[in-house]
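mind looking at a prediction? Sequence and model below.
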Amino acid sequence: MPIITYAQPAEEDLAEDKNAQQRAEQIYLFLSSEIAIQRGEIGPAYQTLLGLARTSKDPRVAQRAMELALSAQSPQFALEAAKLWDDLSSSTDSSSKEVLITLLMINNKWRESVELTIAFLEKQYPDKQDAFLLQLQNIVSKAPNQDEALLAFSTIIDSLKPLTKNPNLLFLYALGQEKSGNYKTMESVLRGLLRNKPDDASVLNALGYSFADRNIRLDEALQLIEKAHQISPDDAYILDSVGWIHFRLGRFDLAIEYLEKSFNKLPEAEVGAHLGEVFWVTGKQEEAKAIWKKAESLNANHPVLKNTLKRLYPEWTLQEPKIQTQKKKWDGRFAVKINGASNQNGGSGAFTLTHEQLNDELEIRGPFGTSIAKIQVRPSVATLEQNGKVITAVDADQLVFDALGLPIPARGLSSWLAGFTRAGSPGTIKRNPLGQVSEIMQDGWQLSFTWTEKNALQRLNMNRSTDGQDIDIRLVFDLLND
């Protein structure tokens, strides 16, 4: 009697079928994302491509996600995709590294960019080094936090052996050396540039302003700045320097005249800080406060403005150092509404935020009080505990969104609740007639504050529009422990 047997598929056949199925799924996901792009659904398409890049290990897909984020004018998401693109690319592919460095700087992650840029430049010829750095100089010049940007860029240039001879790069190098306190190096580089080009108004102004700002060699500072002013009489930065050197020399009327011209031409926080200081020392305190309010509405985190307020009008900044060290606690309820999202419309619940010694702990609870997640935010890392699992990431906001699907900003939340802009990114402040913070704009969020008569935070409305979504978060506080 014949025995009927069934052929068992070979292991390699099973593996081939599985691979074919995976390829088919990947193609489907890629096409789905492309269709979503055509429909204008940028957010879902980006997430699909990013997930596909992680599973397929294909750097081209990560690059496509990065390009999509850039087209949507979302540099933060572009940076996330660029990091993945670089991780998946071969070590010989320099294009992903160049894009990653550029996006780090665009996202103001200057400290993170330094080591990566130095390592990249070490493998390049001097001409390529200069060419790449010159591509980045506009990002540095327009960075919201000029001090941090110049320090980082100067550190990068200082690593070049031999040092660059490009005058544009040397100028930025000198400015960064000044920010780090290396005044001798700064002066040597600037004087070297002046020997080659004695009528360079920017270099003349930089050297003269450095002397004036440190209140040294004021006669020479005046000569340098006046020469720069003769060459470029309408330059707002030079007008600020002219006003500042007159202030140092006690010529207050001239100082106000030039600083007002500068501030009208170039409304910047540093110029506002200078003009407010001249008003203050000449007894015009209401004029000073009005100018400082305008300066805060431009960039409340500008170091010159913050230092000026701490010295002359600490009422606005007195509590800020305390939030860094004292323990504070906020309890309340939240409601999140999202308009335009394709897969969610928000949520609600309760929260407790505890701040102590630069560390934040945010517990999020559901509508019935059940703990959903605990987020620990420290200066360099964030961790989220959920269902017994702990997830670690650098970006606290992205960590919360990935875990909960809700765009709740965890990074710097304690600073906002205390009525300050968080450190590390530009932000603006508006104050009501009582001097209380009524609005903060930072990280794309618009925050509207409601305070009690005893200066306790009662309500906070947070709004943001991103990736075709309008996000509205409302916080109502039950208790504030000072």
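It's in.

can you give me the helices in the stretch 201-350 of the chain?
201-213, 218-231, 236-248, 252-265, 269-281, 285-299, 303-312, 320-325 (DSSP state H, counting those that start in this stretch).

can you name the residues bridging to the closest residue to Leu362 other than its chain neighbours?
Excluding the flanking residues, the one nearest Leu362 by C-beta to C-beta, 6 or more residues apart in numbering is Ile375, at 4.4 Å. The C-beta positions use only the backbone N, C-alpha and C, and glycine is treated the same way. With DSSP bridges applied, Ile375 shows beta-bridge pairing to Leu362, Leu384.

pLDDT at Ile375, what is it?
Listed pLDDT for Ile375 reads 85.

how about Pro321?
You'll see Pro321 listed with a pLDDT of 47.

what sits up against stretch 351-361?
323-334, 362-365, 374-379, 410, 413-414, 417, 475 (C-beta atoms under 8 Å, 6 or more residues apart in numbering).

low-scoring stretches of the protein, by residue?
1-43, 318-326, 340-345, 380, 393-394, 403, 467-468, 479-482 (pLDDT under 70).

spatially central residue for it, please.
Central residue of the chain (C-alpha atoms, centre = their mean): Ser425, 3.9 Å from the mean position.

one step back: can you flag the buried ones in the contacts of stretch 351-361?
Buried members of the contacts of stretch 351-361, counted by 16 or more other C-beta atoms under 10 Å: 323, 328, 330, 332, 334, 362-365, 374-377, 410, 413-414, 417, 475.

strands of this protein, residue ranges please.
328-339, 346-356, 359-365, 371-377, 382-386, 389-393, 427-431, 437-442, 445-451, 457-466, 469-481 (DSSP state E).

how much space between the residue nearest to the centre of the chain and Ile408?
As judged by C-beta to C-beta, to the nearest Å, Ser425 and Ile408 stand 17 Å apart.

and for Asp147?
For Asp147 relative to Ile408 (C-beta to C-beta), the value is 30 Å.

neighbour count winner among these two?
Ile408 (24 against 17; other C-beta atoms under 10 Å).

surely the more buried one meets Val400?
Yes. Applying C-beta atoms under 8 Å, one finds Ile408 in contact with Val400, separated by 5.2 Å.

got a markdown table for the strands of the chain, with distance to Lys109 too?
Output for these, formatted as a markdown table (distance: least, C-beta to C-beta, whole Å):
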| stretch | distance to Lys109 |
| --- | --- |
| strand 328-339 | 27 |
| strand 346-356 | 23 |
| strand 359-365 | 20 |
| strand 371-377 | 17 |
| strand 382-386 | 15 |
| strand 389-393 | 14 |
| strand 427-431 | 17 |
| strand 437-442 | 16 |
| strand 445-451 | 19 |
| strand 457-466 | 19 |
| strand 469-481 | 23 |
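
can you report how many residues neighbour Thr421?
Neighbours around Thr421, by other C-beta under 10 Å: 25.

what values do phi and psi take at it?
Here is the backbone geometry of Thr421 (degrees, to the nearest 10): phi -70, psi 140.

so it makes contact with Ala300?
Yes. Thr421 lies in contact with Ala300 (C-beta under 8 Å); the separation is 4.8 Å.

tell me who's in contact with the residue nearest to Glu112 when sequence neighbours are not counted.
Nearest in space to Glu112, with sequence neighbours left out and distances taken as C-beta to C-beta, 6+ apart, is Leu104 at 5.5 Å. Contacts here follow C-beta under 8 Å, 6+ apart; on that basis Leu104 touches Leu79, Trp110, Glu112, Ser113, Leu116.

try 7 Å this time
For Leu104, the contact set (C-beta atoms under 7 Å, 6 or more residues apart in numbering) comprises Leu79, Glu112, Ser113.

before we move on, what about Thr155?
Val114.

ok, 10 Å please
Taking C-beta atoms under 10 Å, 6 or more residues apart in numbering, we find Thr155 in contact with Trp110, Arg111, Ser113, Val114, Glu115, Thr117, Ile118, Tyr173, Gly176, Gln177, Ser180.

what about it, distance to Lys128?
Applying C-beta to C-beta, the value for Thr155 to Lys128 is 19 Å.

ok, the closest residue to Thr102 other than its chain neighbours - contacts?
Computed as C-beta to C-beta, 6+ apart, the closest residue to Thr102 that is not its neighbour in sequence is Leu136, at 6.7 Å. The contact partners of Leu136, by C-beta under 10 Å, 6+ apart, come to Glu98, Ile101, Thr102, Met105, Ile106, Ser113, Thr117, Ala149, Phe153, Ile156, Leu169, Leu172.

now the helices of the stretch 201-350 of the chain in CSV, with distance to Lys123?
Formatted as CSV, the helices of the stretch 201-350 of the chain follow (distance: least, C-beta to C-beta, whole Å):
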stretch, distance to Lys123
helix 201-213, 32
helix 218-231, 39
helix 236-248, 36
helix 252-265, 43
helix 269-281, 38
helix 285-299, 37
helix 303-312, 34
helix 320-325, 40
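
closest to Arg431 out of those helices?
helix 285-299 (5.7 Å; C-beta to C-beta).

show me what that closest one is packed against.
Here helix 285-299 is seen to pack against helix 252-265, helix 269-281, helix 303-312, strand 427-431, strand 437-442 when contacts are counted using 3 or more C-beta pairs under 10 Å, 6 or more residues apart in numbering; DSSP states H and E.

Ser56 reaches Leu84, doesn't it?
No. Contact criterion C-beta atoms under 10 Å: Ser56 and Leu84 do not qualify, at 11.2 Å.

now the common contact residues for these two.
Each of Ala62 lies in contact with both Ser56 and Leu84 under the rule C-beta under 10 Å, 6+ apart.

okay, those two: which has more neighbours?
The residue with more neighbours, out of Ser56 and Leu84, is Leu84; 22 against 18, by other C-beta under 10 Å.

and the more buried one, how far from Gly412?
Leu84 is 25 Å from Gly412, by C-beta to C-beta.

ok, Asp200 next?
Relative to Gly412, and taking C-beta to C-beta, Asp200 is found at 40 Å.

neighbour-wise, which of these two wins?
Gly412 (22 against 17).

please report phi then psi for that one.
According to degrees, to the nearest 10, Gly412 has phi 80, psi 10.

quick one, what contacts it?
Gly412 is in contact with 360, 377, 396-397, 420-425, 427, 442-443, 445, counting by C-beta under 10 Å, 6+ apart.

and what of Lys374?
Lys374 neighbours (C-beta under 10 Å, 6+ apart): Thr352, Glu361, Leu362, Glu363, Ile364, Arg365, Thr383, Leu384, Glu385, Gln386, Val390.

again, only using 7 Å
Residues in contact with Lys374 (C-beta under 7 Å, 6+ apart) are Glu361, Glu363, Glu385.

what about Glu385, distance to Gln376?
8 Å.

and Ala423, by the same measure?
The spacing between Ala423 and Gln376, counted by C-beta to C-beta, is 18 Å.

same question, Thr317
Taking C-beta to C-beta as the measure, Thr317 falls 27 Å from Gln376.

so Ala335 bridges to which residues?
Counting by DSSP bridges, Ala335 forms beta bridges with Ser348, Arg474.

verify the stated contact: it with Ser348.
Yes. Counting by C-beta atoms under 7 Å, Ser348 is a contact partner of Ala335 at 4.4 Å.

Arg60: neighbour count?
Each residue near Arg60 was counted by other C-beta under 10 Å, and the total is 12.

could you do Thr450 as well?
Thr450: 13 surrounding residues under other C-beta under 10 Å.

next: Thr102.
Using other C-beta under 10 Å as the criterion, Thr102 is surrounded by 20 other residues.
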